[in-house]
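1. Sequence first, predicted coordinates after that:
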Amino acid sequence: MTNIGDYQLGGKIGKGGFAEVYSGTDTRTGERVAIKRLERSSFNPDEQIKREIQAFRKLDHQGVVGYKDHFITPRYVYICMELVSGGELYDYLEKATKFEEERARGYFRQLIEAVEYCHAVGLCHRDLKLENVLVAANGRLKITDFGFSKNMTRAAPKTVVGTALYVAPEVVLNNGEGYDGKAADTWSLGIILYLLTVGRFPFNRGHVGGVGPGMNSRQQDRFRTDNFRAPAHLSPPLVELLRQVLVADPGHRATIEQIKQHPWYTEDGRIPAAPAPIVTPSKAARSVSVEDSSASPAVAWDVLDSPKGDFEQPEEADEPQGFDGFGSDSDDEDDWSGCDVRNQPAGLLDQFSDALRFR
Ligand SMILES: Nc1ncnc2c1ncn2[C@@H]1O[C@H](COP(=O)(O)OP(=O)(O)O)[C@@H](O)[C@H]1O
Ligand SMILES: [Mg+2]
């Protein structure tokens, strides 16, 4: 039996493009947890893993998987978190093909509230998709995987990251001048809403290998369209909402605030939207300040005898970048040279095989 700090590692329960996730047990309390294992390599640079933890640990919301702890060994970083036992929303949709609008609305409202919270804390997720939405035992949804998330409080995101079939057009088409992380997440939520109610993707993004500066105009054109087909079974209000969200121009795309006022979302006012989250000053401070290491005594890179702060320092970093000093969320490598295009394993439908993930 492998022990990671105070956690005992169990069997594998999930796999993404970057990591494997195992069940685990907190040996102090017997509590079951999930443990994400990221191999430290050029594929998963330390700087990237650090950001994931940095973002993840500031979140505290019922619609977001709860962070618990992290550990580092010379080969791996382990992120311990709340175990979500129901699996991915992806599997539920695959079984059902598509959901009734009422069920989809319940799910969509939860996602909107969770993402609205992330934005209120200053984070955009940038990889919202069915595989990163988990279903808890009580049927509620929880967003996971902050591997691509970005702190927006210092600078707008620029890097091309995401999954091709979910990524907003402006993320792919931007020429390094940056994009609005909130609007980009909102697009992905629109894709999810379409998937939940139609059972397939609204747009064919084709094979998009080479996303980035080398992309030819035909490849780019695949990301320009926002003209999707609305099947006849969709209710007119839902089609209207989808047409307001899946707008290629982020300046004309509905905001989360506007989505929450839409008649489909509120069922004609019968279920009013939840109020915007209030991020208390203490939470806001916690979310943007340099970490107080005394607040999380178990958190350390050196738990397993790895030298502390052995992450490479970004060249221009002017703030401490040790793993316990989460102060700076610099986007130093936020340029094309940092982009690295790779394949995402195929999934659900044929069109899923076109999914590429890039960062
Ligand atoms: N807290 C959790 N509880 C249960 N399963 C999880 C949890 N977090 C992730 N998983 C499963 O593991 C998969 C991979 O985790 P994820 O964080 O998305 O890794 P990657 O960064 O490689 O995409 C998820 O798609 C999901 O199926
Ligand atoms: Mg994932």
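-> Received, thanks. Numbering: from 1, shown residues only. Ligands and ions are numbered 1, 2, ... in the order given.
2. So which bits of the protein are right by ligand 2?
-> Within reach of ligand 2 by CB under 5 Å from the ion, the chain has these residues: 16, 132, 145. All C-beta spots, glycine's among them, are computed from the backbone N, C-alpha and C.
3. Can you find the helix or strand in the chain with the smallest mean pLDDT?
-> strand 341-343 (a mean of 25; mean pLDDT, DSSP states H and E).
4. and which of the residues of the chain next to ligand 2 is nearest to Glu116?
-> When the residues of the chain next to ligand 2 are ranked by distance to Glu116 (CB to CB), Asn132 comes first, at 16.6 Å.
5. Now that closest one: phi and psi?
-> Main-chain dihedrals, Asn132, degrees, to the nearest 10: phi -100, psi 10.
6. Report how many residues lie close to it.
-> Burial of Asn132 is recorded as 24 neighbouring residues (other CB atoms under 10 Å).
7. In space, what's closest to it - neighbours in sequence excluded?
-> Asp145 (4.2 Å; CB to CB, 6 or more residues apart in numbering).
8. Val65: neighbour count?
-> Residues near Val65, counting by other CB under 10 Å, number 24.
9. shouldn't it be in contact with Ala136?
-> No: the criterion here is CB atoms under 8 Å, and Val65 misses it with Ala136 at 9.3 Å.
10. Touching both of these two, which residues are there?
-> Shared contacts of Val65 and Ala136, defined by CB atoms under 8 Å, 6 or more residues apart in numbering, comprise 84, 142.
11. Report all helices and strands that the biggest helix by length in the chain contacts.
-> Counting by DSSP state H, the longest helix found in the chain is helix 101-121. When contacts are defined as 3 or more CB pairs under 8 Å, 6 or more residues apart in numbering; DSSP states H and E, helix 101-121 sits against strand 141-143, helix 181-198, helix 256-261, helix 263-266, helix 281-288.
12. and the angle from it to helix 181-198?
-> 170 degrees (axes from the mean of the first three to the mean of the last three CA atoms, to 10 degrees).
13. any idea of the mean pLDDT in helix 101-121?
-> Averaged over helix 101-121, pLDDT sits at 98.
14. Is ligand 1 within reach of the helix or strand where Ile53 lies?
-> Assigned by DSSP states H and E, Ile53 belongs to helix 46-56. No: applying CB under 6 Å from any ligand atom, one finds helix 46-56 separated from ligand 1 by no less than 7.7 Å.
15. Check the offset of that helix from the chain's centre.
-> 12 Å (CA atoms, centre = their mean, to the nearest Å).
16. next helix or strand past that helix?
-> In N-to-C order, the element after helix 46-56 by DSSP H and E is strand 67-72.
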